[in-house]
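>>> Okay, here's the prediction I keep looking at, along with the sequence it came from:
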Amino acid sequence: MNVFRMRAGKLEVIAFISGFVLMVFELVGARILAPSIGSSTYVWTSVIGIIIMALSVGYWLGGKLADRRGYAVDIAWLALACAMAMTVMLLTYEGVTTWVAESVEDPRLQGIEASLLLFTPSSVLLGMISPYLAKLKVRSLATTGRSIASLSALNSVGGITGTFVAGFILFGMIGSRETLLIVIAMMVAISWLVVPRHQWKLRSAISAVVLVVILIPVSATSALQIDTPSARYTIFERDNVRLLATGPYAAQSGMSLVYPNELVFWYTERLAQVVEQATNKQRILVLGGGAFTLPQYLAYKYPESVIDVVEIDPELAQIARDHFRYHDPSNVRLIFDDARVYVNKTQELYDIVLVDVYGDAHVPFTLLTSEYGQQIARITASHGVVAVNAIAGLENACRSQLEALDAPYRAQFANARYAIQRPHESRSNMILIYSHQSEQWRGTQMLDLPPKVAYTDNFVPAERLQHACRQQ
């Protein structure tokens, strides 16, 4: 059998599919790290950097091998080997990410180490395919540029397609594991596009083993993981409380299984106290929905109030209905938008603004800027109050984090007070309260910080500040 030749069009199809698989694999990679390691910029940087590094190694190895051999059947074996490597990753990623999270403290090193262990083998093998495609595509020097350009273009189109299909469709319909099953199956399919009759018995056996292994159900755990286009959520129970988390550091929402109508977190109770003490509470804005436990609590307690809840992920509403007994109170309006975008464009005026946008112990950098502070002040009534859930501290690096959180509001409001959950710890939940009126909020004290110039939309070292505070 001549294993040098392939039918016209197959190379282009393989280029497209390999581009599709690469981008979906990269997106899945970042999501499977989220429950144990997080979803910060550090994690995304690690995933992207390690995969690009591995691809570079694969391009180099693939080029050398293609020049030495140049057999079309090699592509089949590379695709099948890549499917096998992804299968191993599928079976081991939970244990690997848990081990890395427990053995390495620095989140930057956690992301790098986990990415090296999980994504390097598959990415190297995936990278080795491209030089082979170029080698087999080029027939003469006169058409070299056009031949390679067409493969590169189709590979890029495949990557673009994979990005949109994964982000807009797959993550909203199925989980990360199921998405990974699809790309593994696609790599197996690629292996059969190439000279399908060559060594077909051995290839059939390996393909069958891969397909059987990926279809074996994983062992059930007490935690439920739900993927949406925006994030990966973990729902678990502890001490008769059902919790919602987007990463390893903290739960963002929770509901008591014994008293489901009561608030379970210190910070939600303190935010509710701010609303209780406020003189005017006709219009309330809540930035950050979570499982919507706080908005529902406020809606039932103050039926005459109109409560707008801004949440970036529309899928969270159904998650809250299914797992946290959210009942869509008639005086709550759910607005699915980015918090900063909504604050910029709304023309509403609010008596109370509650800011609870922490996700996995970090706050979006767009809510740490002077421009944001100006917009918050614009939509807050002159008699109104802004209460912010913060994770920071009064000493050292966590004080720097507190100053960054405080500065946008302090520049706009005359009075600032705070309450802290664990005053003797370096890092704790804090409630920061801002108003134009000089009011003594129960259980708070004056926030005595030196005036700081707020960061701007152009520059906010949010990850560095949050990382330094966590390490304190």
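On my side now, so go ahead.
>>> Give me the helices and strands touching the helix or strand harbouring residue 131, please.
If you go by DSSP states H and E, residue 131 is part of helix 107-137. Judged by 3 or more C-beta pairs under 8 Å, 6 or more residues apart in numbering; DSSP states H and E, helix 107-137 is in contact with helix 10-37, helix 41-68, helix 72-103, helix 144-165, helix 462-471. All C-beta spots, glycine's among them, are computed from the backbone N, C-alpha and C.
>>> could you check the angle helix 10-37 makes with the fourth one?
Helix 144-165 and helix 10-37 meet at an angle of 40 degrees, taking axes from the mean of the first three to the mean of the last three C-alpha atoms, to 10 degrees as the criterion.
>>> what sits up against helix 144-165?
Contacts with helix 144-165, where a contact means C-beta atoms under 8 Å, 6 or more residues apart in numbering, come from 11-12, 15-24, 27, 130, 133-134, 137-139.
>>> Low-confidence bits of the stretch 101-250 of the chain, can you list those?
Low-confidence segments of the stretch 101-250 of the chain (pLDDT under 70): 139-143, 217-222, 249.
>>> for the stretch 351-472 of the chain, that is, sorry about that
For the stretch 351-472 of the chain, the ranges with pLDDT under 70 are 359-361.
>>> ok, which stretches of it are helices?
370-379, 396-410, 462-471 (DSSP state H, counting those that start in this stretch).
>>> Point out the most buried one among these.
helix 396-410 (a mean of 22; mean count of other C-beta atoms under 10 Å).
>>> rewinding a little: so for residue 173, which of the helices and strands packed on helix 107-137 sits nearest?
When the helices and strands packed on helix 107-137 are compared by C-beta to C-beta, helix 144-165 sits nearest residue 173, at 10.4 Å.
>>> returning to what we had before: for the contacts of helix 144-165, I'd like a selection string for ChimeraX - just the buried members, please.
Buried residues among those (16 or more other C-beta atoms under 10 Å), as a ChimeraX selection:
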select :11,12,15,16,17,18,19,20,21,22,23,24,27,130,133,134,137
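>>> got the angle between the helix holding residue 131 and helix 41-68?
30 degrees.
>>> Between the helices of the stretch 351-472 of the chain, which one is closest to residue 88.
Closest to residue 88 of these is helix 462-471 (C-beta to C-beta; 30.9 Å).
>>> tell me what that closest one is packed against?
The contact analysis (3+ C-beta pairs under 8 Å, 6+ apart) places helix 462-471 against helix 41-68, helix 107-137, helix 396-410.
>>> Show me how far that helix is from its chain's centre.
18 Å (C-alpha atoms, centre = their mean, to the nearest Å).
>>> domains for this protein, by residue range?
Per the record, the chain has its domains at 10-221, 233-471, by automatic domain parsing.
>>> can you list those domains in TSV and add distance to residue 227?
Shown next, in TSV, are these (distance: least, C-beta to C-beta, whole Å):
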stretch	distance to residue 227
domain 10-221	5
domain 233-471	8
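>>> So residue 334: helix, strand or coil?
State at residue 334, reduced to three classes by DSSP: H, G, I helix; E, B strand; the rest coil: strand.
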